[in-house]
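Enquirer: Okay, here's the prediction I keep looking at, along with the sequence it came from:
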Amino acid sequence: MIGGLFIYNHKGEVLISRVYRDDIGRNAVDAFRVNVIHARQQVRSPVTNIARTSFFHVKRSNIWLAAVTKQNVNAAMVFEFLYKMCDVMAAYFGKISEENIKNNFVLIYELLDEILDFGYPQNSETGALKTFITQQGIKSQHQTKEEQSQITSQVTGQIGWRREGIKYRRNELFLDVLESVNLLMSPQGQVLSAHVSGRVVMKSYLSGMPECKFGMNDKIVIEKQGKGTADETSKRRPSAPARSGKQSIAIDDCTFHQCVRLSKFDSERSISFIPPDGEFELMRYRTTKDIILPFRVIPLVREVGRTKLEVKVVIKSNFKPSLLAQKIEVRIPTPLNTSGVQVICMKGKAKYKASENAIVWKIKRMAGMKESQISAEIELLPTNDKKKWARPPISMNFEVPFAPSGLKVRYLKVFEPKLNYSDHDVIKWVRYIGRSGIYETRC
Amino acid sequence: MTDSKYFTTTKKGEIFELKAELNSDKKEKKKEAVKKVIASMTVGKDVSALFPDVVNCMQTDNLELKKLVYLYLMNYAKSQPDMAIMAVNTFVKDCEDPNPLIRALAVRTMGCIRVDKITEYLCEPLRKCLKDEDPYVRKTAAVCVAKLHDINAQLVEDQGFLDTLKDLISDSNPMVVANAVAALSEIAESHPSSNLLDLNPQSINKLLTALNECTEWGQIFILDCLANYTPKDDREAQSICERVTPRLSHANSAVVLSAVKVLMKFMEMLSKDLDYYGTLLKKLAPPLVTLLSAEPELQYVALRNINLIVQKRPEILKHEMKVFFVKYNDPIYVKLEKLDIMIRLASQANIAQVLAELKEYATEVDVDFVRKAVRAIGRCAIKVEQSAERCVSTLLDLIQTKVNYVVQEAIVVIKDIFRKYPNKYESVIATLCENLDSLDEPEARAAMIWIVGEYAERIDNADELLESFLEGFHDESTQVQLQLLTAIVKLFLKKPTETQELVQQVLSLATQDSDNPDLRDRGYIYWRLLSTDPVAAKEVVLAEKPLISEETDLIEPTLLDELICYIGTLASVYHKPPSAFVEGGRGVVHKSLPPRTASSESTESPETAPAGAPSSEQPDVIPTQGDLLGDLLNLDLGPPMGDEPEGIGGPNFVAPPAAAVPANLGASMGSGLSDLFDLTSGVGTLSGSYVAPKAVWLPAMKAKGLEISGTFTRQVGSISMDLQLTNKALQVMTDFAIQFNRNSFGLAPAAPLQVHAPLSPNQTVEISLPLNTVGSVMKMEPLNNLQVAVKNNIDVFYFSTLYPLHILFVEDGKMDRQMFLATWKDIPNENEAQFQIRDCPLNAEAVSSRLQSSNIFTVAKRNVEGQDMLYQSLKLTNGIWVLAELRIQPSNPSFTDLELSLKCRAPEVSQHVYQAYETILKN
């Protein structure tokens, strides 16, 4: 299991060092600094073995988190734990920075003592942790016996992510469907790979222990229902086509927050859960079929002699004209030996950024079914370098107010049998945001 | 709330100031001071001097302050064991506190304090906490048992904590179950023989129920534990799989990977005709692909695992090629792994896409990545015959880019393509020849020369090309020199008329001007061949070459099976078994996949192997074919380790050799072994100096003319086997290799046996073979017995020898006094062994210094009634400590016997340690 956990600043100074196992000594702290943080070359692997000791590291801004072990640990678990650790710290004091870590080092030690015991990760849900790790210096006599046992039963309980007795005057919930659409397109416009990775993020302000059921236009569910209620529908609309087709989407795979009952999803494909209080990620999913690609990029690069490049890029928006895409940015890479660039664009602003070796073209808003164009002349310095320019792909960023996968939330039902509010009393908000993930077109 | 100020105090006299503040009456000031102490501790300053003052702050009802003091205690208790005792009372009191959080905190912290005296006091509170009414306390106590076991395993067994821990598996609270499983799994790992995790259908059912209810981490512990279970038949395997598959949708990648491990392992038992088998295969692909959208570090772990899964069951991901396409912004470690998997998945169906991608990658920036991409194109050509032509043309395009390292890499792979498809693509040779000048890496130069030589008859100016290389012959690397020699000889055999001069030139360069014996010998051979019988030379040199195989870098199947059992863990990331990177006894148990057991004929299956990790070791690890080399690599004559001690080594090796040799090794080898046993009887007792003189281990008459003698040395931490090989036969010996059987201390060659030149008749070479102690472990009888197999071009020979134990004494074997005292008391008296070293007229200093040079360290010295008592410690490479008390009587010259008492937790080594003492002192 994890033998020790260290946090370093960018210089390699230790900010936090917590050792859990006897086989990890102080020299491990230095070994990582010397061999990884101070190593000259790029990080070649997130797992490093130095003198039979394995180091797992992740970086958040310029802070290094390293877990150390001498055993054959579950590597995936160690990384998941490090990410979790970052989440917990962020939930307590915001951004993970050297200043914040120094300011909260006592708290961090307290957390590390609680969520990692002898190197075994323990309950690390912030909801539960915040009930008893408060940095207020709880005095034991101030808590009643009931309060204490409530804390412990929550930390160890089946519903470790939610405490009992939550009350809101207004029961409200927000659902955000956040998708990032990824594309790799050949210069000829052929889709080499495309997928959407989406997340359903829920913010819940609900009283009591509400039982929730979430439904979306999942092809499997809808086809199943179609079969089950075939008689009814055929009576009402005898000629109605099956409700699959464009209405529903094929989800390649999905994963759920630990509050979702996985065995129920496996058997009935229904998503039911008791949500944590506040914000959490309900599910992640991935689709690869019938993706709506919001933009098409058409590049044209021509080499004019040895010292000039002509670049023309057309972007076309491909969605309903009534919708508006925002924060559009097209990044056209330029060769390292660029000496000057002249740009003309129809819309937005374009600039050559020498430090980033790219022309950055920004458009604030763009409606659907439109087209815009940029052309640039790039002057090159003659070089002896035989190596050809690698022509990195043209990448794009944007935000659109729909889900490129076609996912639709059908319902989110809330039942709380013990308290007197019903599904109808809950105010629900749903929002769809599609963003570019890695959206590249080769040129 | 700005605690960062605590990090900035660096002035002198700080300790005194802190001391004053710690003893302040004001609570706030105290707390501030403790925080400063912890901050100093974090940055590595020694604040142990404040121990009593900090411990004084422990009695407080402020939880935050209490936790800080505990943190301090965990760090420094070991260095101040006597003072740490002061804390015991508070701990014991806290364990009775009405607040469960405080009870748990106390028991959690106590377990982290590795001081024996404190450990004693821990037992009672721990026993209570294991049965506490509050689950939070129970789950903490469960882990505490594992902590205590790490400090004092015997105590845990004696106190019956293991049974209590087993009971916790049936606890009503899922988190308690999960922690109990984690603790038991860890303890079981260090006791491979004990049947601690008594997994049976009932307990498995309990675990599967808890699986649905506990935290994500708990699910990982349980799944990892389930993976060690061997279901009794395919029905049970299927029902477990059915209950594990929902975990594949968990958001935590580690849960997913551990579930994949269980499924991959149990699938082994399912028949491929089963519908369920197909369903399961389909269910595995999507979650594996989803792992690739995780953070890059996890992607890396996932990709390393997918690499294994693809080799084991290619059908799972065969349609998922696209997801492994490299993204421009992927970190380099993700890129390289993806590339590897792309090649494995390449098939006729997707080769066009793959090639287009690879061509793209070959223009990227990172040199390693580009090289690997070019090499990948070559591998595609070899793997998918239909694509070979396209691959070759892609490679030609890349050569046109003139990027130096791309060109060189391309030429290396084209050579392989030529070997796979002879006489098919020679048309490209002209293009290759154009790039001759730009090649500066030996591998590429050698490849090019090979091509020129191989196709000399079709290259008009082959002689000129080769001649150009010849100018700087002596500056070339050996690889290139050898290739050039062969190529020119080939050229000569093909075009004898024009190239006579050239061949003479190269032969004289190789035979007369070179110091390299390999090159010289090859030169002579060609020379003789050419001068005696050119026809024979043609037959030899221009013989048809065997085709190269398509998959050269597959993981060897038994290792692959073992690694599948370690999915998700470090072993799967390194692609090495845990024994290769884990120290000591942990993780040495080999795991293997369960055999298929059909239940179709009856519900009662013949497979009655008991559950648990050791039982999964199947005897089929030993290859059944008669291939000598295979047997040599798996010289696995003993029973699988982890059995009861009496089963180890003993009967199989001491018994008459005819019975000792498993049938599949064949009778001839059996008789060979029997001879060896006669031989070795005298070897081990040969006492030499610190380094014993070489003894004959393998006489020439037993080994077709090869005589081996040798000895063992230890110098500055490295062990080596000094060998002397003598060829007493009439023929030249080459291709030496050496292999050790599993042995008590895991001794294994750290490097291959390197005999640089062929060993000609009557020649002797001295070789020092470096050894390490990370090999497989099996207890031998006698303990220091080592069985060795040596192979050469003639045959394989076996012999066994005894190594002196002192080569295993490590440099950091000096225990500190306190530790020594505590350990001496701690080891039960029945483990003490008494010996006499006779006729050793040395005084205490001489004894001490002589022993020290062999890593036996004097911890303390005492004079009692005219006798010198030396207290000594030493540590073996596997971490076993041996403590010694040596009694010397310097006052009485007529009495020169030394008395030696040895104490060790593993008393079986004592006899050998005594022999080492005697050897060292008497030489």
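Expert: Now that the structure is in, tell me what you want to look at.
Enquirer: closest point of the stretch 551-700 of chain B to chain A, which residue?
Expert: Distance from chain A to each residue of the stretch 551-700 of chain B (C-beta to the nearest C-beta) is smallest for residue B:578, at 3.9 Å. For the C-beta atoms, the positions are set from N, CA and C on the backbone; glycine is no exception.
Enquirer: Neighbours of that residue, how many?
Expert: For residue B:578, the tally of surrounding residues (other C-beta atoms under 10 Å in any protein chain shown) stands at 22.
Enquirer: same thing with residue B:501?
Expert: Applying the criterion other C-beta under 10 Å, we find 11 residues in the vicinity of residue B:501.
Enquirer: Over to residue B:513?
Expert: Residues contacting residue B:513 under the criterion other C-beta under 10 Å number 11.
Enquirer: what pLDDT does it get?
Expert: Residue B:513 carries a pLDDT value of 84.
Enquirer: helix, strand or coil for it?
Expert: Assigned with DSSP: H, G, I helix; E, B strand; the rest coil, residue B:513 falls in the coil class.
Enquirer: My understanding was that it contacts residue B:470; is that so?
Expert: No: with the criterion set as C-beta atoms under 8 Å, residue B:513 and residue B:470 do not qualify as a contacting pair; they are 11.8 Å apart.
Enquirer: of all the residues in the stretch 401-550 of chain B, which ones are close to chain A?
Expert: Proximity of the stretch 401-550 of chain B to chain A, by C-beta under 8 Å from any C-beta of the partner chain, involves residues B:401-404.
Enquirer: 10 Å - rerun?
Expert: B:401-407, B:438 (C-beta under 10 Å from any C-beta of the partner chain).
Enquirer: for the stretch 551-700 of chain B, same thing?
Expert: Counting by C-beta under 10 Å from any C-beta, the stretch 551-700 of chain B comes close to chain A at B:566-574, B:576-584, B:586-587.
Enquirer: From those residues, list just the buried residues.
Expert: Neighbour-count burial (16 or more other C-beta atoms under 10 Å in any protein chain shown) is assigned, among these, to B:566-574, B:576-579, B:581-583, B:586-587.
Enquirer: Just those residues: which are in helices?
Expert: Helix and strand membership here follows DSSP state H; of those, those in helices are B:570-574.
Enquirer: now those residues as CSV including pLDDT?
Expert: Written out in CSV, the entries for those read as follows (pLDDT from 0 to 100):
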residue, pLDDT
B:570, 95
B:571, 94
B:572, 95
B:573, 95
B:574, 95
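Enquirer: which one among the residues you listed gets closest to residue B:301?
Expert: Set against residue B:301, the nearest of those by C-beta to C-beta is residue B:573 (5.8 Å).
Enquirer: Who are the contact partners of residue 108?
Expert: Going with chain A. A:5, A:7, A:15-16, A:18, A:85, A:88-89, A:92-93, A:100-102, B:3, B:42 (C-beta atoms under 10 Å, 6 or more residues apart in numbering or on different chains).
Enquirer: um, chain B though
Expert: Taking C-beta under 10 Å, 6+ apart, one finds A:113-114, A:117-118, A:122, B:70, B:74, B:129, B:137, B:140-141, B:143-144, B:147 in contact with residue B:108.
Enquirer: what about residue B:856, neighbour count?
Expert: Tallying neighbours of residue B:856 according to other C-beta under 10 Å, which is how burial is gauged here, yields 27.
Enquirer: beta partners of the closest residue to it other than its chain neighbours?
Expert: Once flanking residues are discounted, residue B:856 sits nearest to residue B:874: 4.7 Å by C-beta to C-beta, 6 or more residues apart in numbering or on different chains. In this entry, residue B:874 is beta-bridged to residue B:882, by DSSP bridges.
Enquirer: Help me confirm that residue B:874 comes into contact with residue B:857.
Expert: Yes: shown here, residue B:874 and residue B:857 form a contact pair, counting by C-beta atoms under 10 Å, at 6.7 Å.
Enquirer: quick one on the thing from earlier: please identify which of the contacts of residue B:108 is nearest to residue B:695.
Expert: When the contacts of residue B:108 are compared for distance to residue B:695 (C-beta to C-beta), residue B:147 wins out at 47.6 Å.
Enquirer: Give me the pLDDT for that closest one.
Expert: pLDDT, residue B:147: 92.
Enquirer: what helix or strand is it on?
Expert: Assessed by DSSP states H and E, residue B:147 sits inside helix B:135-151.
Enquirer: Centre of the chain to that helix, how far?
Expert: 29 Å (C-alpha atoms, centre = their mean, to the nearest Å).
Enquirer: Next, give me the two most distant ones among the contacts of residue B:108.
Expert: With C-beta to C-beta as the measure, no two of the contacts of residue B:108 lie farther apart than B:74 and B:137, at 19.1 Å.
Enquirer: which of those two has more neighbours?
Expert: When residue B:74 and residue B:137 are compared for neighbours, residue B:137 comes out ahead with 27 against 20, by other C-beta under 10 Å.
Enquirer: so the more buried one makes contact with residue B:98?
Expert: No: in terms of C-beta under 10 Å, residue B:137 does not count as a neighbour of residue B:98; the distance is 11.6 Å.
Enquirer: List the residues that contact residue B:509.
Expert: Shown here is residue B:509, whose contacts under the criterion C-beta under 10 Å, 6+ apart are B:470, B:473-474, B:481, B:484-485, B:488, B:519, B:523.
Enquirer: Show me the shaky parts of the chain.
Expert: Since no chain was named, I'll use chain A. Low-confidence regions of chain A, defined here as pLDDT under 70, cover residues A:135-143, A:226-246, A:385-388.
Enquirer: Switch to chain B, please.
Expert: By pLDDT under 70, the low-scoring segments of chain B are B:1-5, B:7-13, B:192-194, B:550-552, B:584-589, B:597-690, B:890-895.
Enquirer: Give me the residue at the spatial middle of it.
Expert: The geometric centre of chain B, computed from its C-alpha atoms, lies nearest to residue B:580 (C-alpha atoms, centre = their mean), at 0.5 Å.
Enquirer: Assign a three-state SS to the closest residue to that residue other than its chain neighbours, would you?
Expert: Computed as C-beta to C-beta, 6+ apart, the closest residue to residue B:580 that is not its neighbour in sequence is residue B:774, at 6.3 Å. Three-state secondary structure (criterion: three-state DSSP) places residue B:774 in coil.
Enquirer: Please consider this matter closed, and thank you.
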